[in-house]
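Enquirer: Quick one: sequence plus predicted model below, questions after.
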Amino acid sequence: MDRDTRARIAAWITGAGLAGSTEPDLLRAFCAKLHAAGMPIAKANMLIDTLHPVYEGRVFLWRRDERDVDILEYGRSDESDEAAESWRTSPFNHLFESGEDALRRRLPPDGELEFPILEKLRGAGQTDYLALINRFAAEGIIGDMDCIYSSWTSDHADGFADVHLEVLRELVPSLALAMKCASLTRIAGTLVETYLGQDAGARVLSGRIARGTADRISTVLWFSDLRGFTHITETAAPEAIIPLLNDYAEAVISSVHEAGGNVLKLIGDGTLAIFKGRDQAAACHDALAAESLMRERVAALNEERSARGVPVTEPYLGLHVGDVFYGNIGSRDRLDFTVVGPAVNEASRIAALCRSAERNVLVSSVFHAAAAGADRDRLVSVGRYALRGVSRPQELFTLESSDAEDTRSDALSGVGRGG
């Protein structure tokens, strides 16, 4: 490959990186350009660790005879003996531990090979292998994302020529830099959505980060808590509390998201969410749909946890409709993207009354008025209640099926009436 071709590919990498190309698009086009220039590449993959609550990293796999780049997300190696062993015996781990930046191995038809992956590649007809590591400086490390690994194989009878290895070692660092930029963009999206919520995260990424930037919106407010959580924390083993919170948070949050809501905040065992919908009636319908999903998932979860002999509980829920300010609130150094206003406090107070009213769900008179058709027909009055911090008592409603649910919740083991 001549110098002009290398320069054109290098210039393309820079342009594609600046344009925001994704990792699969970068790898696909890079390999296509090398192949068109005469390099005998059959397979290539790039691996990068990430910041994600579930996955440790991603692998992008290109094959010459396939159109799409495969994306494989791998779990945490410290949570799987098989994954840990696979990493320990890999060429990438050898590079990481040795401090070397490249490892090249011929794959002859016979003879013992150093790494298990090389045996698999030889069995698939590959003849030559090059692994590279492109390390980041200390200031460029984010979590475990401290380098990009790549491997390049050939099935040509003679494998890679020296010029091919030279080109890869020259151009792959630029590709790794573009891949890092694409990964950081993806990671930023993952982090803000994970910690702020889907809608709030999208707003922050769009540039709405100035202190005091807030929109006045009318929304359905969801505030849920776990029944008897204080009692559970006082009686259960300390190491059981976080798994319990994770189990019930998964049931609540997944239900809210599936029904079109946005979770804004986790407050201990409590969850604050909003449903905006196309109108108030639609938002009320979505919130009630989320409640139904949550009950189904919690019932299945309680059955599974009871079988294991660990504490069980149930969420109680307050639903309200009101105007709130939705945006950035805080100091110059620490902002929170959330909702504020009297309606938020009322939703919290309504949820707290579930204990004394002995109901799993309470909704405000405003929610009842905003709901339509069959949704409103499902709501029955439980009387007028005084809300702490609210000047006048208001009529509250519950779902007509909640009496049976409350009978079931009273029977749950390990749950007290304390909040």
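Expert: That came through, no problem. Numbering: from 1, shown residues only.
Enquirer: give me the number of residues near Arg355?
Expert: 15 (other Cβ atoms under 10 Å). (Each C-beta comes from the backbone N, C-alpha and C, glycine too.)
Enquirer: I figured it hits Gly318, correct?
Expert: No: the pair Arg355 / Gly318 is not scored as a contact, 11.1 Å apart, by Cβ atoms under 8 Å.
Enquirer: quick one, longest strand in the protein?
Expert: strand 315-330 (DSSP state E).
Enquirer: other SSEs contacting that strand?
Expert: Here strand 315-330 touches strand 214-226, helix 241-258, strand 270-275, helix 280-308, strand 335-340, helix 342-357, strand 361-364, helix 365-370, going by 3 or more Cβ pairs under 8 Å, 6 or more residues apart in numbering; DSSP states H and E.
Enquirer: Distance of the residue lying closest to Glu23 once chain neighbours are set aside relative to Phe229?
Expert: What sits nearest to Glu23 in space, not counting adjacent residues and going by Cβ to Cβ, 6 or more residues apart in numbering, is Ala182, at 4.9 Å. Shown here: Ala182 relative to Phe229, a distance of 41 Å by Cβ to Cβ, to the nearest Å.
Enquirer: now swap in Asn45 and tell me
Expert: Computed as Cβ to Cβ, the Asn45 to Phe229 distance reads 46 Å.
Enquirer: before we move on, the earlier item: parallel or antiparallel, list what pairs with the longest strand of the chain.
Expert: strand 214-226 (antiparallel), strand 335-340 (antiparallel), strand 361-364 (parallel) (DSSP bridges).
Enquirer: That one to strand 270-275, inter-axis angle?
Expert: 80 degrees (axes from the mean of the first three to the mean of the last three Cα atoms, to 10 degrees).
Enquirer: What confidence value was assigned to Asp81?
Expert: In this prediction, Asp81 carries a pLDDT score of 68.
Enquirer: Show me where the stretch 1-150 of the chain has its helices.
Expert: Secondary structure of the stretch 1-150 of the chain, counting by DSSP state H, counting those that start in this stretch: helices at 3-19, 23-36, 81-88, 91-98, 116-123.
Enquirer: Cys284 is nearest to which of the ones you listed?
Expert: Comparison of the helices of the stretch 1-150 of the chain against Cys284 by Cβ to Cβ identifies helix 23-36 as nearest, at 40.8 Å.
Enquirer: Low-confidence bits of the stretch 251-400 of the chain, can you list those?
Expert: For the stretch 251-400 of the chain, applying pLDDT under 70 flags no range at all.
Enquirer: now the stretch 1-150 of the chain
Expert: Looking at the stretch 1-150 of the chain by pLDDT under 70, you get 50-55, 75-81, 140-141, 143-144.
Enquirer: give the contact list for Leu103.
Expert: Leu103 is in contact with Pro91, His94, Leu95, Leu130, Ala131, counting by Cβ atoms under 8 Å, 6 or more residues apart in numbering.
Enquirer: Please identify which of those residues is nearest to Cys31.
Expert: For the contacts of Leu103, the nearest to Cys31 is Leu130 (13.4 Å; Cβ to Cβ).
Enquirer: Have a look at this structure and report its longest helix.
Expert: helix 162-196 (DSSP state H).
Enquirer: buried sites along it?
Expert: Buried residues in helix 162-196, counted by 16 or more other Cβ atoms under 10 Å: 164-165, 167-168, 171-183, 186-187, 190-193, 196.
Enquirer: May I have the longest strand of the chain as CSV, with CA atoms only?
Expert: What follows is strand 315-330, C-alpha atoms only, in CSV (Å, rounded to 0.1, in the frame of the first residue of the first chain):
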residue,chain,number,x,y,z
PRO,A,315,-44.9,-0.7,46.9
TYR,A,316,-47.6,1.8,47.9
LEU,A,317,-48.3,4.6,45.4
GLY,A,318,-49.6,8.1,45.3
LEU,A,319,-50.7,9.6,41.9
HIS,A,320,-51.5,13.3,41.4
VAL,A,321,-51.8,15.8,38.5
GLY,A,322,-50.4,19.3,38.7
ASP,A,323,-48.2,22.1,37.3
VAL,A,324,-44.5,21.8,38.1
PHE,A,325,-41.2,23.4,37.1
TYR,A,326,-39.0,20.8,35.3
GLY,A,327,-35.4,21.7,34.9
ASN,A,328,-32.0,22.6,36.6
ILE,A,329,-32.0,23.5,40.2
GLY,A,330,-29.1,23.8,42.5
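Enquirer: Could you verify my assumption that Arg6 touches Leu171?
Expert: Yes: if you go by Cβ under 8 Å, Arg6 and Leu171 touch, sitting 6.6 Å apart.
Enquirer: quick check: domain ranges of the protein?
Expert: Listed domain ranges for the chain are 3-195, 197-410 (source: automatic domain parsing).
Enquirer: Of the ones you listed, which stretch is the most buried?
Expert: domain 197-410 (a mean of 18; mean count of other Cβ atoms under 10 Å).
Enquirer: end-to-end on stretch 259-274?
Expert: 11 Å (Cα to Cα, to the nearest Å).
Enquirer: Which of the strands paired with strand 315-330 sits closest to Ala370?
Expert: Once Cβ to Cβ is applied to the strands paired with strand 315-330, the stretch that comes out nearest is strand 214-226, at 7.8 Å.
Enquirer: tell me what the next helix or strand after that closest one is packed against?
Expert: Downstream of strand 214-226, the first helix or strand assigned by DSSP states H and E is helix 229-235. Contacting helix 229-235 under the criterion 3+ Cβ pairs under 8 Å, 6+ apart are the following elements: helix 241-258.
Enquirer: For the helix or strand just after the helix it packs on, name the packing helices and strands.
Expert: Following helix 241-258 in sequence order, the next helix or strand is strand 262-267 (DSSP H and E). On a contact count with 3+ Cβ pairs under 8 Å, 6+ apart, strand 262-267 meets helix 198-205, helix 241-258, strand 270-275, strand 335-340.
Enquirer: ok, the closest residue to Ile148 other than its chain neighbours - contacts?
Expert: Of all residues not flanking Ile148 in the chain, Ala176 sits nearest, at 4.2 Å (Cβ to Cβ, 6+ apart). Contacts for Ala176 were tallied using Cβ under 8 Å, 6+ apart; they are Met46, Asn134, Ile148, Ser150.
Enquirer: pretty sure the last one is in contact with Ile41, am I right?
Expert: It stands for Ser150. No: taking contacts as Cβ under 8 Å, Ser150 lies outside contact range of Ile41: 11.4 Å.
Enquirer: shared neighbours of these two, which are they?
Expert: Joint contacts of Ser150 and Ile41 (Cβ under 8 Å, 6+ apart) do not exist.
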